[in-house]
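**Q** mind folding the following:
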Amino acid sequence: MFCESLARKKKILVTGASGGIGSAVAEEMARQGAHVLLVGCDASMLEKVQARIAEHGGSAQVLVADLLVPDDRRRVVEVCLALPGGLYGLVNNAGVNHFAWLEDQTEALLQSQLHLNLVVPILLVRALLPALRKEKCARIFNIGSTFGNIGYPGYTAYCASKFGLRGFSEALRRELAQTDTRVLYFAPRATNTTLNPEHVVALNQELGNVMDAPDAVAQQAVSVFIKGAPYQYVVGWPESLFARINAVLPRLVDKALGKQLATIKKYTKS
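**A** Numbers count the residues shown, from 1 in each chain. Next up is the predicted model:
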């Protein structure tokens, strides 16, 4: 089922909206006519996003919240449940990664990646389903990563969280198959945001990996969001091909990544 547009001020919640892909998606949603609820920890950054949206004639509201904190998450949910007409879209974008060998990561770093990238989206969806059911053709839009399809050295916990988010999205899509709520999983490849520090950018440059601009990723994301299809979208070539190869012939990807392992390890020590 397709949605014709976002022109009726449909209400869409975007987590991690203070920068990177999140703010770019929020601004693109607003340009398409949505009223965007901006969620993040940094009030000043969220207000800047809100101001840019207003400059272009759009509308947005700021919800300052640390989604790892149950009371903050509950407050966001309460705002959404009280929205007249319900919530049209939930964009689970907030996330974190840490590029390092597994044994060099602390327990706190591992838990934060798994909790923010996987557990928080699951809890938000569960809590917001009543608000989403009030809208026809509502969207649950989970932003993952190509590392949700391809296990990559140095990103063990991040990959685990994104593989989990992809599996959650697939299972939920099937669970809601007889409703008109759509569940979509969108997987960007490397993107030029602050989530990727200098040594990760240097690694991608040495390996020849393309890094997309957040605005370009956001335009693709919003296009998929509006169409409601495909239900799983991997950004970029050859990353989308590697994702398919890894699903059926993982040993080929093992060999390819094995040739890069020394280079990857060098940058985890940067």
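**Q** so what's the spatially most central residue of the chain up against?
**A** Centroid-nearest residue in the chain: residue 143, 2.4 Å away (criterion: CA atoms, centre = their mean). Applying CB atoms under 8 Å, 6 or more residues apart in numbering to residue 143 gives the contacts 21, 25, 91, 92, 93, 95, 186, 187, 188, 221. C-beta coordinates here come from the backbone N, C-alpha and C atoms, glycine included.
**Q** quick check: the second one vs residue 102, distance?
**A** As judged by CB to CB, to the nearest Å, residue 25 and residue 102 stand 30 Å apart.
**Q** cool, and the fourth one?
**A** Between residue 92 and residue 102 the computed distance is 25 Å (CB to CB).
**Q** give me the more crowded residue out of residue 25 and residue 102.
**A** When neighbours are counted by other CB atoms under 10 Å, residue 25 and residue 102 differ, and residue 25 comes out ahead with 29 against 11.
**Q** hang on, residue 14 packs against residue 26?
**A** Yes: applying CB atoms under 8 Å, one finds residue 14 in contact with residue 26, separated by 4.5 Å.
**Q** spell out which residues are contacts of both of those two.
**A** If you check residue 14 and residue 26 against CB under 8 Å, 6+ apart, the residues they both contact are 36, 38, 91.
**Q** looking at these, which one is closest to residue 200?
**A** Distance to residue 200, by CB to CB, is smallest for residue 91 among these, at 23.8 Å.
**Q** tell me the secondary structure for that closest one?
**A** With DSSP: H, G, I helix; E, B strand; the rest coil as the basis, residue 91 sits in strand.
**Q** could you report the neighbour count for it?
**A** By other CB under 10 Å, 30 other residues sit near residue 91.
**Q** list the contacts for it?
**A** Contacts for residue 91 (CB under 8 Å, 6+ apart) come out as 12, 13, 14, 15, 22, 25, 26, 29, 141, 143, 225.
**Q** change it to 7 Å
**A** Neighbour list for residue 91: 12, 13, 14, 15, 25, 141, 143 [criterion: CB atoms under 7 Å, 6 or more residues apart in numbering].
**Q** save the contacts of residue 143 as CSV, and put in pLDDT too.
**A** Shown next, in CSV, are the contacts of residue 143 (pLDDT from 0 to 100):
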residue, pLDDT
21, 98
25, 98
91, 98
92, 98
93, 98
95, 97
186, 98
187, 97
188, 97
221, 97
